[in-house]
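Asker: Give me a model of this one.
(chains A and B)
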Protein chains: 2
Amino acid sequence: MRTMNEFFKVCRTPELAAEVTLQPMRRYNGLLDASIIFSDILVVPQAMGLEVQMIKGKGPHFPEPLDTPKDMARLVDMESGYNVDDKLGYVYEAITLTRKLLDGQAPLFGFIGAPWTLMAYMVEGGGSKTFERSKKWLYLYPKESHELLDRITTVSIEFLKGQVRAGAQLVQVFDSWAGVLSPEDFMEFSFPYMKRIAKELKNAYPEIPTVAFPKGLHEPELEAMALDTEYTALSIDWTLDPEKVIDSLGEKMKATGRTLVLQGNLDPTVLFAEPEVIARRVEVMCKKFKKCQHIANLGHGMMPGHDPEHLRVFLEAVHKYSKV
Amino acid sequence: MRTMNEFFKVCRTPELAAEVTLQPMRRYNGLLDASIIFSDILVVPQAMGLEVQMIKGKGPHFPEPLDTPKDMARLVDMESGYNVDDKLGYVYEAITLTRKLLDGQAPLFGFIGAPWTLMAYMVEGGGSKTFERSKKWLYLYPKESHELLDRITTVSIEFLKGQVRAGAQLVQVFDSWAGVLSPEDFMEFSFPYMKRIAKELKNAYPEIPTVAFPKGLHEPELEAMALDTEYTALSIDWTLDPEKVIDSLGEKMKATGRTLVLQGNLDPTVLFAEPEVIARRVEVMCKKFKKCQHIANLGHGMMPGHDPEHLRVFLEAVHKYSKV
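Answerer: Purely as a prediction, here's the structure:
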C-alpha cells in the first residue's frame, strides 16, 4: 500500500512534482529544449471517481474497473456540479510553480491521455496485451462507449484548458493505445474525440501549440490525424519511417496551407546501445526528418533500465546533428 | 515442472499432435477450409540446442537465453554434422500421420517462426514488451546478429523442406515480432532472411504455396514483402485496412505479373462480442477484401477466453459473406 501511493503523492504535491520536473533540466544543463510536467494520464480517471493505484514493477491498477455500462453511474458527472478545476487543481499548482522555477530556461508542456486510451485503462483495469475487455465494450456497447468517451473528452478538455491557464505553453495528447484498434475502430472511437480536443483548445487558446501522439497508428489514419484535425504537430513512434511519412504527407499538408511538424522518433531501446551507436542512430534520424519541421525526441518514453548518461549522448547528438 | 513439459510432449508425440490438429476439423465439420499442424515455432531453438519451457498462463521461457554472442557456441552447428531432420523428425511424423487421418478433407499447413522472431525469443528468453535485450544485440553486435539469423534461417529452411516432404501442402512463416522493429531494422535484420526462405522453398518445391505473416508491419515494408519476395500470399493483422492495402499494392503487383493474395484480418477480440456483432464484422471484412484473392482468417490467433461457439459464428459468417 505504501509504494503504490507514493507515485500519485508526488503528482499531488506541487513542490515534489516541480522538483521531479526540474531534475532533468539541471542534470542535462542546456541540452533540453522543453520540459514536461511530472504527472500521469490516469489523474483524469481518478478525478472522475475511479481509484487508481500505481504498483511498482507492474504499472497502474484499478481495483474496481468499469465492468458494464451500468458502472458509469460510479463516475462523477459534469452536469451535477462536478468541477474539474477543483479535482485537478493540484496539477495546475504544480505547473504554475514549475513555470516560476524554470524561470524561462525552457517552455513547459502540459498533457493528457486520449479519451480512448483512458477508457481502455478504465475498463481493462490496467495495462493489457489484448485489450479484450475494453474492445468488447466497443463491440457490445457502441452507444455507451461513445457516451463514456464523450464524458472523458469533456473533462479532459476542461483539464487541458486549466493547465494552459496555469502556465503550460504547449500541450500533448497521448493516445498510447491508438494502435491496438482496427482502422475503423480508431476512426470511430478515438479520432473524433482527438479531433474535438484540438479544436476546442484552439478555439480557447489559439496561440498554444498542440501535439498528438497516436502511438502505433498506420499511415492512412495518421494522414487523417494530420489533415483533418487542428493539431500543430504529430508525434510518431519508431516503427514509422519519417521520410515516408514526410513524402506522403508533406505536399498534402502544404495544399491545405499548413505545415507538417513531426516529433519523434528514435527507438528508445537504442539507448541500451553503446554511445557511438546511439550517436550514429541519432544522425540517421535527424537526416530522415530534415525535410520537415522536427521536434527531436525518443519514439516513446524512457525505460527503467536506461543509463541516464546514455540519454545525455542522445541529447548531445541531437544538438550536433540537427544543425543544418 | 509438469505443466511446462506437457505442451512440448504433445508436439513431440505424433499421435497426440495429430489428434489436437484434427479436433477442430471434427468440431467445425465442413466449415474449415484448411488445417494447421499442431506444433510451435520454438521447436527450432530447441532443436538448435536451447532449452525451452512452456509455462502455463505465462508462455515460453528459456532458462538460459543467449546473453552475448559467445553464447552462440552453445548452439548446434549445421557444419559439424548436425541433422535437422533427425532433430525435428517428430514434426514430420505428425504431419504425415495428420495428412493420412485428414483423408483429403482439407489441406494441411506447415509452419515456422521467422528468423528475427526466433532470435528475439532466444535472446530475450521469452516474450517481452520492449524487446530491449534482443534489440540491444542488433545495435551492439550487428555482425554476430546476422550470423545468428543466418544460422537460424539455414535450419528453418531445411525444416520447412522436411515438412513439405512429410506432406505439408502450404507453409506459413510467422514473423510475430516484425512490428517491434524500426523500418530500417526490419529491412536489415528480418526482411533478407524472410526473402531467402521464400526463394529457397520455391526453388525446391515450386508448387507449394508460401504465406508470410509479418505481424505489425507498416504499409511501406509490407509493400517490400509483397513486391520483392516470392511469397504466394501475405497474412495481415487487424490494424491494417485491407482496402487500403489492396489500393496501394494491387496495381503494382499486377505490373510485375503477379497476383495479390491476402490472408486475414478480423481483430480476434471481436470473438468476445455477441454472435450478431461477429457476423456483422465478418461481413464488413469480406467486403473489404473483395477486390483481391482472400484467405479469410482472424488477424491473429485465438485467445484463452474465447468461446469456441463464437468461432463457429465467425466461420459460418465467412462462408455466408465470402460468396460473391
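Asker: The closest residue to chain B within the stretch 201-324 of chain A and residue B:136: what is the separation?
Answerer: Using C-beta to the nearest C-beta, the closest approach of the stretch 201-324 of chain A to chain B is made by residue A:273 at 3.7 Å. C-beta here means a position set from N, CA and C on the backbone, and glycine is covered the same way. Shown here: residue A:273 relative to residue B:136, a distance of 6 Å by C-beta to C-beta, to the nearest Å.
Asker: so which helix or strand takes in the closest residue in space to the residue of the stretch 201-324 of chain A closest to chain B that isn't next to it in sequence?
Answerer: Spatial nearest neighbour of residue A:273, chain neighbours left out: residue B:139 (3.7 Å); criterion: C-beta to C-beta, 6 or more residues apart in numbering or on different chains. Using DSSP states H and E, residue B:139 sits in helix B:132-140.
Asker: For that helix, enumerate the helices and strands it packs against.
Answerer: If you count contacts as 3 or more C-beta pairs under 8 Å, 6 or more residues apart in numbering or on different chains; DSSP states H and E, helix B:132-140 packs onto helix A:275-288, helix B:115-124, helix B:142-166, helix B:183-189.
Asker: Please compute how far the last one lies from its chain's middle.
Answerer: Okay, so that is helix B:183-189. Here the centre of helix B:183-189 is set off from its chain's centre by 19 Å, with C-alpha atoms, centre = their mean, to the nearest Å.
Asker: hmm, that helix touching chain A?
Answerer: Yes - against chain A, helix B:183-189 shows contacts by C-beta under 8 Å from any C-beta of the partner chain at B:183-185.
Asker: need the residues you listed in TSV with pLDDT, can you?
Answerer: Below are the residues of helix B:183-189 next to chain A laid out as TSV (pLDDT from 0 to 100):
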residue	pLDDT
B:183	98
B:184	97
B:185	98
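Asker: For PyMOL, write a command that selects the buried ones of those residues.
Answerer: The PyMOL command for the buried members of the residues of helix B:183-189 next to chain A (criterion: 16 or more other C-beta atoms under 10 Å in any protein chain shown) is given here:
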select buried, chain B and resi 183+184+185
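Asker: Which of the residues of helix B:183-189 next to chain A sits closest to residue A:234?
Answerer: Using C-beta to C-beta, residue B:183 comes nearest to residue A:234 of the residues of helix B:183-189 next to chain A, at 17.0 Å.
Asker: Could I get the contacting residues of that closest one?
Answerer: Each residue near residue B:183 by C-beta atoms under 8 Å, 6 or more residues apart in numbering or on different chains is listed here: A:239-241, A:244, B:218, B:220-221.
Asker: and which of those is nearest to residue A:170?
Answerer: residue A:240 (21.5 Å).
Asker: For the closest one, grab the count of nearby residues.
Answerer: 24 (other C-beta atoms under 10 Å in any protein chain shown).
Asker: Can you classify it by secondary structure?
Answerer: Three-state assignment for residue A:240 (DSSP: H, G, I helix; E, B strand; the rest coil): coil.
Asker: I'd guessed it sits against residue A:223; true?
Answerer: No - judged on C-beta atoms under 8 Å, residue A:240 makes no contact with residue A:223 at a distance of 11.7 Å.
Asker: on that earlier part again, looking at the contacts of residue B:183, which is nearest residue B:128?
Answerer: Among the contacts of residue B:183, residue A:239 lies closest to residue B:128 (C-beta to C-beta), at 15.5 Å.
Asker: so what's the residue lying closest to residue A:84 once chain neighbours are set aside up against?
Answerer: With sequence-adjacent residues excluded and distances taken as C-beta to C-beta, 6+ apart, residue A:84 is closest to residue A:158, at 4.0 Å. Counting by C-beta under 8 Å, 6+ apart, residue A:158 touches A:78, A:84-85.
Asker: Between the residues you listed, which sits nearest chain B?
Answerer: Closest approach between the contacts of residue A:158 and chain B, by C-beta to the nearest C-beta: residue A:78, at 29.9 Å.
Asker: how near is the closest one to residue A:267?
Answerer: Distance, residue A:78 to residue A:267, by C-beta to C-beta: 40 Å.
Asker: the more surrounded of those two?
Answerer: residue A:267 (27 against 14).
Asker: tell me, how many neighbours does the residue nearest to the more buried one when sequence neighbours are not counted end up with?
Answerer: In this structure, residue A:267 finds its nearest non-sequential neighbour in residue A:238, 3.8 Å apart by C-beta to C-beta, 6+ apart. As a burial measure, residue A:238 scores 24 neighbours (other C-beta under 10 Å).
Asker: OK, contacts around residue A:238?
Answerer: A:264-268, A:299-300, B:182.
Asker: same question, residue A:245
Answerer: When contacts are counted by C-beta under 8 Å, 6+ apart, residue A:245 touches A:219, A:222, A:236, A:262.
Asker: Inside strands: which ones of those?
Answerer: Secondary structure from DSSP state E places residue A:262 of those in strands.
Asker: and which of the contacts of residue B:183 is nearest to residue A:228?
Answerer: Checking these against residue A:228 by C-beta to C-beta gives residue A:240 as the nearest, at 18.3 Å.
Asker: Identify the residues contacting that closest one.
Answerer: Residues in contact with residue A:240 (C-beta under 8 Å, 6+ apart) are A:219, A:222, A:264-265, B:183, B:218.
Asker: Now tabulate these in TSV and tack on distance to residue B:61.
Answerer: Output for the contacts of residue A:240, formatted as TSV (distance: C-beta to C-beta, whole Å):
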residue	distance to residue B:61
A:219	36
A:222	36
A:264	33
A:265	32
B:183	30
B:218	30
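Asker: From chain B, how far off is residue A:152?
Answerer: 21 Å (C-beta to the nearest C-beta, to the nearest Å).
Asker: Low-confidence ranges, chain A, go.
Answerer: A:1-5, A:324 (pLDDT under 70).
Asker: need the residues of the stretch 1-150 of chain A near chain B, please.
Answerer: So far as C-beta under 8 Å from any C-beta goes, the stretch 1-150 of chain A lies against chain B at A:130-132, A:135-136, A:139-140.
Asker: List buried members of those by neighbour count.
Answerer: A:130-132, A:135-136, A:139.
Asker: number of nearby residues for residue A:174?
Answerer: Using other C-beta under 10 Å, residue A:174 has 20 other residues around it.
Asker: what kind of secondary structure is it in?
Answerer: Look at residue A:174: counting by three-state DSSP, its state is strand.
Asker: Report the contact partners of it.
Answerer: A:41, A:111-114, A:117, A:213, A:215.
Asker: circling back: and chain B, which of the contacts of residue A:245 reach it?
Answerer: residue A:219.
Asker: Out of the contacts of residue A:245, give me the one that has the most neighbours.
Answerer: Going by other C-beta under 10 Å, residue A:262 tops the contacts of residue A:245 with 26 neighbours.
Asker: Need phi/psi at residue A:211.
Answerer: phi -120, psi 130 (degrees, to the nearest 10).
Asker: ok, residues contacting stretch A:18-36?
Answerer: Here stretch A:18-36 makes contact (C-beta under 8 Å, 6+ apart) with A:10, A:37-38, A:94, A:97-98, A:101-102, A:105-111, A:170, A:172, A:308, A:311-312, A:315-316, A:319.
Asker: Narrow those to those that are buried.
Answerer: By 16+ other C-beta under 10 Å, the contacts of stretch A:18-36 give A:10, A:37-38, A:94, A:97-98, A:102, A:107-111, A:170, A:172, A:311, A:315-316 as buried.
Asker: tell me which element residue A:128 falls in.
Answerer: Here residue A:128, judged by DSSP H and E, is contained in no helix and no strand.
Asker: Name all residues that make contact with it.
Answerer: A:120, A:134.
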